[in-house]
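Visitor: here are the coordinates; sequence isn't available:
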């Protein structure tokens with residue numbers, strides 16, 4: 001059975017004495033006020049760790065959640081995931097101000113031309129986002145005009161065959177080597193046998209380069225399958241979780257200050273970069289700059305992440321237990337695992353300590369070289385990719401507009417031309433007069449934002465539209 005990527009609502013019953021787990025009563029279950037339509041034969045298990053706000057479970061509690069097969073109970077049993085408490089409330093009359101924290105629809109008679117979806121993106125807040133700062137609505141309206149994640153589906157069910165299709169698409173040549181593209185139960189017996197036979201043949205023909213290429217290809221195939229297995233077993237094989245790489249610019253502008261779950265051999269280099277006045281650009285930063293090979297993206301990414309921040313530097317919202325557990329295992333499946341935050345006040349040593357009230361609700365992202373998409377592994381709130389997105393993008397542009405002069409911190413009398421990445425992987429390249437250069441770049445970025453083409457502009461797909 002595939003995981004259901006819909007948002008259900010139901011009532012908690014039969015909690016244990018500690019409040020650590022309970023069940024959602026099946027007869028209370030609805031899907032947007034309609035019959036739930038789930039093929040199950042029992043109440044739905046829920047654990048406290050799957051509550052995004054980590055409140056204590058209690059009988060009678062209303063929950064909104066997604067469902068996934070309950071492997072431990074088996075059969076058609078289900079368990080809840082990404083659950084949050086639902087507080088029942090009437091809609092606020094159109095002539096009154098919304099109560100902070102309640103989910104309400106804004107009135108549609110305000111002379112605003114956006115679609116209902118756009119209004120919902122801007123006006124609705126889930127209870128878990130009750131502490132989000134107020135972002136000026138004109139800025140949020142402008143962020144919506146820029147169409148963040150346009151074309152990415154908001155809710156799409158899982159596909160049992162999707163991971164196999166991905167592997168077969170990336171490694172079509174291995175079909176001739178009897179590769180098993182089944183992600184979960186695939187066997188390498190036939191593949192290894194055919195590779196050994198072919199390698200022996202290549203050796204006879206003195207095709208040394210072909211042997212190296214085949215060995216590399218098989219190693220990449222097995223590593224990629226491990227990553228996709230992690231995604232599938234974690235319920236992440238959805239089109240709203242597997243996001244094409246071109247949309248990274250959209251997520252970045254919402255949460256541009258990154259913390260990296262680094263492997264042991266990377267920690268020393270990261271720590272060392274924070275001890276130096278002017279560190280060389282790390283290979284990790286280069287990898288992310290290369291996703292959009294143009295100067296606009298290079299400047300924007302490095303303005304916030306010229307130095308790699310290890311998780312040991314993280315200072316922000318409490319990381320949920322379920323996210324902490326996932327981080328540990330995700331580092332084994334991905335090349336890069338990142339907590340992408342809206343903590344602009346931590347932009348970097350070079351920003352001359354900008355003051356800024358933080359927004360909330362970071363993303364956790366996974367990246368694997370060779371995959372044409374990145375994976376949204378988690379959101380602290382558990383509410384998915386889209387909630388708060390326009391507000392977070394607007395907050396980033398407001399931060400840049402307010403603090404751009406502090407970019408002069410990238411250039412002082414000792415390091416007026418700091419080490420910088422320009423697409424050539426030259427560790428000795430320096431950005432001449434970095435402060436003035438980045439201020440001019442920020443002005444252009446803000447012009448693109450006002451024109452409604454920020455993300456295309458960052459990707460290098462369009463020039464500024466005045």
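Guide: In hand now; what should we look at? All of these numbers come straight from a predicted model, not from anything done at the bench.

Visitor: Can you name the residues bridging to residue 35?
Guide: residue 30 (DSSP bridges).

Visitor: which residues sit against the helix or strand containing residue 324?
Guide: Using DSSP states H and E, residue 324 falls within helix 321-333. Residues outside helix 321-333 that contact it (Cβ atoms under 8 Å, 6 or more residues apart in numbering): 49-50, 54, 226-227, 229-231, 234, 261, 263, 311, 319, 337, 339, 364, 366, 368, 377-378, 380. No exception for glycine: its C-beta is placed from N, CA and C like everyone else's.

Visitor: and the helix or strand following that helix, how far out from the chain's middle?
Guide: The helix or strand immediately downstream of helix 321-333 is strand 336-341, counting by DSSP H and E. Distance of strand 336-341 from its chain centroid, counting by Cα atoms, centre = their mean, to the nearest Å, is 7 Å.

Visitor: Hey, what's the angle from strand 336-341 to helix 321-333? Just curious.
Guide: If you take axes from the mean of the first three to the mean of the last three Cα atoms, to 10 degrees, strand 336-341 sits at 150 degrees to helix 321-333.

Visitor: For residue 438, pull up the helix or strand it's in.
Guide: Using DSSP H and E, residue 438 falls in helix 434-451.

Visitor: which strands and helices sit next to the helix or strand just after that helix?
Guide: Downstream of helix 434-451, the next assigned helix or strand under DSSP H and E is helix 454-459. In this structure, helix 454-459 makes packing contacts with helix 248-254, helix 295-305, helix 434-451, judged by 3 or more Cβ pairs under 8 Å, 6 or more residues apart in numbering; DSSP states H and E.

Visitor: can you put these in a markdown table and add distance to residue 127 and mean pLDDT?
Guide: As requested, those are arranged in a markdown table below (distance: least, Cβ to Cβ, whole Å; pLDDT from 0 to 100):
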| stretch | distance to residue 127 | mean pLDDT |
| --- | --- | --- |
| helix 248-254 | 20 | 97 |
| helix 295-305 | 30 | 97 |
| helix 434-451 | 30 | 95 |
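
Visitor: okay, those helices, which one's buried deepest?
Guide: helix 248-254 (a mean of 24; mean count of other Cβ atoms under 10 Å).

Visitor: mean confidence for stretch 184-199?
Guide: If you average the pLDDT over stretch 184-199, you get 91.

Visitor: residues in contact with it?
Guide: 174, 177-180, 211, 214-215, 218, 222, 225, 229, 232-233.

Visitor: With respect to residue 430, which of the residues you listed is nearest?
Guide: residue 215 (38.3 Å; Cβ to Cβ).

Visitor: List the buried residues in the helix or strand containing that closest one.
Guide: Taking DSSP H and E as the definition, residue 215 sits inside helix 208-233. Neighbour counts over helix 208-233 (16 or more other Cβ atoms under 10 Å) mark 211, 214, 217-218, 220-221, 223-225, 227-232 as buried.

Visitor: now, among the residues you listed, which is nearest to residue 138?
Guide: residue 231 (38.5 Å).

Visitor: how about that closest one, what does it touch?
Guide: Counting by Cβ under 8 Å, 6+ apart, residue 231 has contacts 163, 237, 241-242, 333, 375.

Visitor: Drop anything exposed from these.
Guide: Buried among the contacts of residue 231 by 16+ other Cβ under 10 Å: 163, 237, 241-242, 333, 375.

Visitor: residue ranges with poor pLDDT in the stretch 201-350 of the chain?
Guide: By pLDDT under 70, the stretch 201-350 of the chain contains no weakly predicted segment.

Visitor: could the helices and strands packed on helix 454-459 be laid out in a markdown table, adding distance to residue 286?
Guide: Below are the helices and strands packed on helix 454-459 laid out as a markdown table (distance: least, Cβ to Cβ, whole Å):
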| stretch | distance to residue 286 |
| --- | --- |
| helix 248-254 | 15 |
| helix 295-305 | 10 |
| helix 434-451 | 17 |
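
Visitor: Which of these sits closest to residue 78?
Guide: Comparing the helices and strands packed on helix 454-459 under Cβ to Cβ, the one sitting nearest is helix 248-254, at 29.7 Å.

Visitor: Quick one: list the elements packing against the closest one.
Guide: Helix 248-254 is packed against helix 295-305, strand 336-341, strand 363-367, helix 389-403, helix 454-459, with contacts defined by 3+ Cβ pairs under 8 Å, 6+ apart.
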